[in-house]
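J.: Everything below, folded, please.
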Amino acid sequence: MILLFGAIAALYFAREILIPLAFAVILTFVLSPVVAVLQRSRIGRVPSVAVTVLVTMALAGCVGWIIAIQLVDVAEELPRYGQKIHAKMETLRLPTKGPLGLAANSLREIARELSSPGAPSLDPASPVQNRKQRTATGTPGPPVPVQIVQQPAGGLDYLRDLVQPVLRPLGLTGLVLIFTVFMLIKRIDLRHRLLRLVGLGQINLITQALDDAAQRVSRYLLMQILVNAGFGALFGFGLYFIGVPNPALWGVVAALLRIVPYVGTMVAAALPIALSLAAFDSWLPPLLVFLLFASLELIIGNFVEPWLYGAHTGISSLALMVAAIFWTILWGPAGLILSTPLTVCVVVLGRYVPQLSFLHILLGDEEVLGTEAQIYQRLLAMDQPEAHAIVDRFLKEKPLLELYDSVLIPALSLAEQDRHKGAIDTLREEFLFLSINELITELSEYQLALNSPPAEDAAAQSGPAEPLNARILCLPANDRADETTAAMLAQLLEQAGQATLCLPIAHASLLENLALLQLKQEDVICISALPPYAFQPARTMCKLIRERFPKLRVVIGIWGFTGDIEKAKVRFERPQPDRLLTSLAQAVEQIQEMIRPKDLRPNRVA
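T.: Numbers count the residues shown, from 1 in each chain. Here you go, the predicted structure:
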């Protein structure tokens, strides 16, 4: 944090140099492709840079000169609109009749009385002044007004006042051009120096960061040029059909002013609206100009720009607004123009520098909180409707099997970790398991999506398990989380057409319950266990079942386990389970394969 605040202070106090340098970097990103194209024609790098910069300056000068000439023409036409402006101002005056007119007249009379010379003062006079007035022998005369007369400005003062407002922008433009030319000529040398500065061990990292920043900034500038050009063209055509004078001028001005976020759009709208007020007798054309601009700005600003800029810069829409405010406070109007490119560089820096990763998290548009964490957080907050809404959004794009494997089971794992650490109170624990079980019950009628390959293929190939009349028993290994995952597996197997039975937690009477079920050799028992403390309860249960029912096939699911399966299987005493699985997708596929007749099983290629 100290380094961050130090960097912000350095950006503020060194803004006189950093602002033209930042503009030069942006121009370098824009002009580098043109320089590269010219350099491929073998005219040399320095001549390529010179031609590119001169042509750019000439084009900018021509556009500025044309805009200035047209603005002068508009200014010359304004006196002709004086009567129309006066007529519109008359219509805006308050009426003289009716209740509103009487109230306005009363207010005018009160103001006239208060402002008249003979009106009594509202402020009480001081005792000393009253005493002097009582002892005065005569009435003092009115005070003599004091006027400050400035000396006429000399030639040097007049020249200074004339040049000073222009000198600073010219100096800034000169610095930007010098920096741009230098960066274009020495681009490779600057890149090598930067790589050497960060160290040879960070070449890969800094290369990725530079390429990422260059691509994002270039794409943003390209998108901004295209969007602004499209906005200006549509706005100009709209003004032409409305009948506003010089529609092409206002379209170009709108396209250029939209480079300045937020402020430029308001100025771009105010100019043609003011002209339409002066040029037309009725109020309809100004209203149409306002509606045209508002419609274009709403569509482009709320739909096109967030989609294009957010997708191509990696910055969220809210971060763009916050960044604009931050850079404006720091660097003024220049910071407002440069806010998005500078923020892109900050986001890239946070992406590749671990110490600054919080910048990428705060400003980036990537989802930093997984769906499983979102659901778990909402259930901890006891917000069941929002948790169900997250599930509904997920199921619109993904199948139920993936919801269980990649969302609900990881959420239960997070809950188990916190529960074993004592970080969840009893009320939230009860609410969490109750909500998830209710959700599973609601999804009992949900059919597996067609794009669920394991379940679909297995169900299509096996069909109903009538030939062997096999049953699948889903047993929880230890606690309520295991019971919930066993219910998920049972539901998926039932939807796949298998005869499935899910038993609740019953450690003491487990063997008696299994004996009452009159298990047969073709039946399959699946023990459901959820990490982090899953192996010991599952191993104990597997041992008990193997001792009592040695011919039964036993499958153990350690859901979400990411380690080595073979090493994990060794941890179980002999005889080991027939299968050790880590996901519900594997379980649905392999359990159906186990109960399928041998002549219907697919041949496996070794």
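J.: give me every residue that touches the residue nearest to residue 387 when sequence neighbours are not counted.
T.: Once flanking residues are discounted, residue 387 sits nearest to residue 378: 4.2 Å by CB to CB, 6 or more residues apart in numbering. No exception for glycine: its C-beta is placed from N, CA and C like everyone else's. Contact partners of residue 378, counting by CB atoms under 8 Å, 6 or more residues apart in numbering, are 384, 386, 387, 390.
J.: Which element, helix or strand, includes residue 378?
T.: Using DSSP states H and E, residue 378 sits in helix 371-380.
J.: Now do the next helix or strand after that helix and helix 371-380, the angle between them.
T.: Per DSSP H and E, the first helix or strand lying C-terminal to helix 371-380 is helix 384-395. Relative orientation of helix 384-395 versus helix 371-380 (axes from the mean of the first three to the mean of the last three CA atoms, to 10 degrees): 160 degrees.
J.: Which neighbouring elements make contact with helix 384-395?
T.: Packing partners of helix 384-395 (3 or more CB pairs under 8 Å, 6 or more residues apart in numbering; DSSP states H and E): helix 371-380, helix 400-403, helix 426-442.
J.: tell me the angle of the last one relative to helix 384-395?
T.: If you take the same axes, to 10 degrees, helix 426-442 sits at 40 degrees to helix 384-395.
J.: Which residues does helix 426-442 contact?
T.: 376, 379-380, 382, 384, 387-388, 391, 408, 411-412, 415, 419, 424, 480-481, 484, 487-488, 491.
J.: Please enumerate the strands of the protein.
T.: In the chain, strands defined by DSSP state E lie at 472-476, 500-502, 524-529, 553-558, 579-581, listed in chain order.
J.: Just send these back as JSON lines, with mean pLDDT, mean neighbour count and distance to residue 42 too.
T.: What follows is those, written out as JSON lines (pLDDT from 0 to 100; neighbours: other CB atoms under 10 Å; distance: least, CB to CB, whole Å):
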{"stretch": "strand 472-476", "mean pLDDT": "88", "mean neighbour count": "25", "distance to residue 42": "74"}
{"stretch": "strand 500-502", "mean pLDDT": "85", "mean neighbour count": "18", "distance to residue 42": "75"}
{"stretch": "strand 524-529", "mean pLDDT": "89", "mean neighbour count": "26", "distance to residue 42": "70"}
{"stretch": "strand 553-558", "mean pLDDT": "88", "mean neighbour count": "24", "distance to residue 42": "65"}
{"stretch": "strand 579-581", "mean pLDDT": "87", "mean neighbour count": "21", "distance to residue 42": "64"}
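J.: between the ones you listed, which one is nearest to residue 22?
T.: Residue 22 sits nearest to strand 553-558 of all the strands of the chain, at 54.1 Å, using CB to CB.
J.: In the sheet, which strands lie alongside the closest one, parallel or antiparallel?
T.: Counting by DSSP bridges, the strands paired with strand 553-558 are strand 524-529 (parallel), strand 579-581 (parallel).
J.: Tell me the one among the contacts of residue 378 nearest to residue 205.
T.: Among those, and counting by CB to CB, the member closest to residue 205 is residue 390, at 34.9 Å.
J.: these two touch, right, that closest one and residue 377?
T.: No. Using CB atoms under 8 Å, residue 390 is not in contact with residue 377; the gap is 9.9 Å.
J.: Quick check on the contacts of helix 426-442: which are buried?
T.: Buried members of those, scored by 16 or more other CB atoms under 10 Å, are 376, 379-380, 384, 387-388, 391, 408, 411-412, 415, 419, 424, 480-481, 484, 487-488, 491.
J.: Number of residues surrounding residue 328?
T.: For residue 328, the tally of surrounding residues (other CB atoms under 10 Å) stands at 19.
J.: quick revisit: nearest to residue 596, of the strands of the chain?
T.: strand 524-529 (11.4 Å).
J.: Need the contact partners of the closest one.
T.: So strand 524-529 is contacted by 470-478, 482-483, 485-486, 489, 514, 519, 535, 537-538, 541-542, 545, 549, 552-559, 577, 587, 591, 594-595 (CB under 8 Å, 6+ apart).
J.: top helix in this structure by residue count?
T.: Across the chain, the helix with the greatest residue count (assigned by DSSP state H) is helix 203-242.
J.: That helix: which residues count as buried?
T.: 206, 209, 212-214, 216-221, 223-224, 227-228, 231-232, 234-236, 238-239, 242.
J.: wait, which of the strands paired with strand 553-558 is closest to residue 71?
T.: Within those, the stretch nearest residue 71 is strand 579-581; the backing value is 75.0 Å (CB to CB).
J.: Please state the offset of the closest one from the chain centre?
T.: Centroid separation for strand 579-581 versus its chain: 41 Å, with CA atoms, centre = their mean, to the nearest Å.
J.: centroid residue for this structure?
T.: Computing the C-alpha centroid of the chain and ranking residues by CA atoms, centre = their mean puts residue 316 first, at 2.0 Å.
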